[in-house]
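Participant: Give me the fold of what follows.
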Amino acid sequence: MVTGSVAALLPLAILVLGSASTARADNGSWVRQVGTYDALVAPDYDGNLTIDAVLSRTALGLGTLDHLDGELVVIGGSAYRVGVDGRPAEIAGTSLSPFAQAIAFSPDASGPIPPGTTCAGLASLVDDLAGTSQGIIAVRVRGTFTDLVTRSVAAQSEPYPTLANVVAGQTVFRLGQRRAVLVGFRTGADLAGVGAPGLHLHGITADRSAGGHVLSCTVGPDAQLSIQRATGVQVLGAGPTASRS
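Facilitator: So this is what the prediction gives:
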């Protein structure tokens, strides 16, 4: 059973930086983010900043690529694109993105996940471990999955269809039993529109042969959950410099 909690819950802050800004938070527990989920839903799939804007040597994260061309998975500072063929390919940091999130991952708390737990049940475990349902929590789940289902979507052209219509045409990968790592963020109601609501996970198999946006999963006997409570979110490429907390 997952036990424990983050000892000190830091006040959440959002820092919105213009695309020309090179400012960085002096604390590695900030989420670096290209664009916002609201803009993606608008829909606006034009990549406006490079993946390098959010990467660090220990980065964990997710997102998408220019024109919504596949799913982005960031593990250990390396960025992978999973296209509609379902195969991860490492990409250059110069690749453009309309939406990407990453954090220099340093877990605050970890614990085993009860075997048989589904992806739908992970969010409550994350909140229990973090001690809050608000703010943004970086999440990593790794181990064996007895059932893992992912997806990807194809690149889109203007005029862009809605995100719901794009997802309706998604390519689904039923991966079955695999060793994998799932990474992403649990975004609270207080950050609605900044990140995808709830628990958003992308994954990649241990052998790097498959991955994508996680639709569903069931964990096996050795799955481990690790979380990091972020101090706040730096949103890049979102217009004039501003801040709120």
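
Participant: Give me the phi and psi for residue 191.
Facilitator: Note on residue 191: backbone dihedrals following degrees, to the nearest 10 are phi -120, psi 30.

Participant: swap that for residue 66, please
Facilitator: The phi/psi pair for residue 66 (degrees, to the nearest 10) is phi -50, psi 130.

Participant: Phi and psi next, for the residue nearest to it when sequence neighbours are not counted.
Facilitator: Closest residue in space to residue 66, ignoring its immediate chain neighbours: residue 47 at 3.2 Å, by Cβ to Cβ, 6 or more residues apart in numbering. For glycine as for every other residue, the C-beta is placed from the backbone atoms N, C-alpha and C. Main-chain torsions, residue 47, degrees, to the nearest 10: phi -70, psi 130.

Participant: Residue 47 contacts residue 100, doesn't it?
Facilitator: No - the criterion here is Cβ atoms under 8 Å, and residue 47 misses it with residue 100 at 9.3 Å.

Participant: shared neighbours, those two?
Facilitator: Counting by Cβ atoms under 8 Å, 6 or more residues apart in numbering, residue 47 and residue 100 have no shared contacts at all.

Participant: Comparing these two, which shows the higher neighbour count?
Facilitator: residue 100 (27 against 21; other Cβ atoms under 10 Å).

Participant: So what pairs up with the closest residue to residue 94 other than its chain neighbours in the strands?
Facilitator: Distances taken as Cβ to Cβ, 6+ apart place residue 50 nearest to residue 94, at 5.2 Å, with adjacent residues excluded. With DSSP bridges as the criterion, residue 50 is bridged to residue 96.

Participant: quick one on the thing from earlier: and the residue nearest to residue 66, how far from residue 180?
Facilitator: Per Cβ to Cβ, to the nearest Å, residue 47 is found 27 Å from residue 180.

Participant: same check, this time on residue 124
Facilitator: 21 Å.

Participant: Could you do residue 143 as well?
Facilitator: As judged by Cβ to Cβ, residue 143 and residue 180 stand 8 Å apart.

Participant: now swap in residue 101 and tell me
Facilitator: From residue 101 over to residue 180 the distance is 19 Å, taken as Cβ to Cβ.

Participant: State the number of residues packed around residue 60.
Facilitator: With other Cβ under 10 Å as criterion, residue 60 counts 26.

Participant: Touching, it and residue 140? I think so.
Facilitator: Yes - Residue 60 is in contact with residue 140 according to Cβ under 8 Å; the separation is 6.1 Å.

Participant: Residues that sit against both of these two, list them.
Facilitator: In contact with both residue 60 and residue 140: 105, 183, using Cβ under 8 Å, 6+ apart.

Participant: still on that earlier bit, and the pLDDT at the residue nearest to residue 66?
Facilitator: At residue 47, the model reports a pLDDT of 96.
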